[in-house]
Structures are given as C-alpha cells and as structure tokens.
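Q: Make a model of this:
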Amino acid sequence: MLKNKFFWLIALAGLFLDQISKLLIIKNFPQGTFPLLPGIFHLTYTVNTGAAWSVFQGGVNWLKWLSFLVSLGLMLFAYFGNKLKMIEQIGYGLILSGAMGNGLDRFIQGYVIDFLDFRLIHFPIFNIADICINLGIICLLLAGVMEKPNKRNIHKK
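A: Sure thing, here's the model as predicted:
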C-alpha cells in the first residue's frame, strides 16, 4: 500500500488547479489586466521569466532544473522515507505541486504565467503554484512548532 497517500493527493490536486487556472487564463484572457475589485484585486496576465516575484529575470534555464530537482527529491523522500504526519504530507505535497506547476511552465513554455494581482498592498503578481509553495512552507513551520520534544532534547537541570 502506498504510504503518504495524502502527499500524493495534495500534490496532484495542487498541480491540477495550477495548470487548469493557467490554461483558463491563456485561452480566455488577453495579456493585460482586468479589475475584479478595482484598485484592490485584478487579474493581470503576465509572463515571468524569473523566480517568485520576478526576481532572477531571465534565469529560467537554471530555475527549471531547480524545480525538477526539488520535485524529484520530494517524490523520492515521500516514497522511500518514513510515513509522514498529516500536516507534513500536506506541506510537502503543496510544495511539490507548486514546484511541478511552475517547473512544467518553465520546461514547456520557457516562462511562468502569473495572473493574481493584489493591488491594494502592491504585492507582486503570482499564481496558484506560488500559493501552494507558500502554504506548504506554513504547514511545515506549523509541524515544527507543534512537534513535541523527545526526552533526549530536554535538558535536565
């Protein structure tokens, strides 16, 4: 039986949502911006040849390999490693879905499609894969905070 099954389910679900959202933007939305809540939240179709928030512009060649290696490492970790706690499965699964989503874009198109534009706080334009990666990191941070210290880590006075 497959261990860490929620890792795999979360990874596939996140990847599906990311790729479907980008396909819908490509097929139905011209490059540019459409205000859903003017001055607050817009759909802004743009291409990103860099990493998160457009840093490392033009770095697509090494970024696609980084996405591939992170994805491969996470899959090997989940398959061959120990059974993970639920929150860890969710966290690693979300990170995998984001790495694979943006990685596929970089390998296939040479860039990542970004479209979520929160103008109220002047936040950089991003996509579902970026959300997945950040939520995954939050889950792993919570897992670390919630972990009970074992007896070896407690120093006796």
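
Q: quick one, helices of this protein?
A: 5-28, 60-80, 86-108, 128-146 (DSSP state H).

Q: Tell me which of these is the most buried.
A: helix 86-108 (a mean of 23; mean count of other C-beta atoms under 10 Å). C-betas here are computed from N, CA, C, even on glycine.

Q: next one: it to chain centre, how far?
A: Offset of helix 86-108 from its chain centre (C-alpha atoms, centre = their mean, to the nearest Å): 5 Å.

Q: That one vs helix 128-146, what angle?
A: 150 degrees (axes from the mean of the first three to the mean of the last three C-alpha atoms, to 10 degrees).

Q: tell me what helix 86-108 is packed against?
A: helix 5-28, helix 60-80, strand 112-118, helix 128-146 (3 or more C-beta pairs under 8 Å, 6 or more residues apart in numbering; DSSP states H and E).

Q: worst average pLDDT in the ones you listed?
A: Ranked on mean pLDDT, the bottom entry among the helices and strands packed on helix 86-108 is helix 60-80, at a mean of 89.

Q: Contacts for that one next, please.
A: 3-4, 7-8, 11, 49-51, 56, 84, 89, 92-93, 95-96, 99-100, 102-103, 106-107, 110-111 (C-beta atoms under 8 Å, 6 or more residues apart in numbering).

Q: Distance from the chain centre to that helix, please.
A: Distance, centroid of helix 60-80 to centroid of chain: 12 Å (C-alpha atoms, centre = their mean).

Q: Can you show me the CA trace of that helix as PDB?
A: Extracted in PDB, the C-alpha atoms of helix 60-80 (Å, rounded to 0.1, in the frame of the first residue of the first chain):
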ATOM      1  CA  VAL A  60      14.600  30.200 -16.500                       C
ATOM      2  CA  ASN A  61      17.300  27.800 -17.500                       C
ATOM      3  CA  TRP A  62      18.700  27.000 -14.100                       C
ATOM      4  CA  LEU A  63      15.200  27.600 -12.400                       C
ATOM      5  CA  LYS A  64      13.600  24.800 -14.400                       C
ATOM      6  CA  TRP A  65      16.400  22.400 -13.300                       C
ATOM      7  CA  LEU A  66      16.000  23.500  -9.700                       C
ATOM      8  CA  SER A  67      12.200  22.900  -9.900                       C
ATOM      9  CA  PHE A  68      12.900  19.500 -11.400                       C
ATOM     10  CA  LEU A  69      15.400  18.500  -8.600                       C
ATOM     11  CA  VAL A  70      13.200  19.800  -5.800                       C
ATOM     12  CA  SER A  71      10.200  17.800  -7.300                       C
ATOM     13  CA  LEU A  72      12.300  14.700  -7.700                       C
ATOM     14  CA  GLY A  73      13.700  15.000  -4.200                       C
ATOM     15  CA  LEU A  74      10.300  15.400  -2.700                       C
ATOM     16  CA  MET A  75       8.900  12.400  -4.500                       C
ATOM     17  CA  LEU A  76      11.800  10.200  -3.500                       C
ATOM     18  CA  PHE A  77      11.500  11.500   0.100                       C
ATOM     19  CA  ALA A  78       7.800  10.600   0.200                       C
ATOM     20  CA  TYR A  79       8.100   7.300  -1.500                       C
ATOM     21  CA  PHE A  80      11.200   5.900   0.200                       C
END
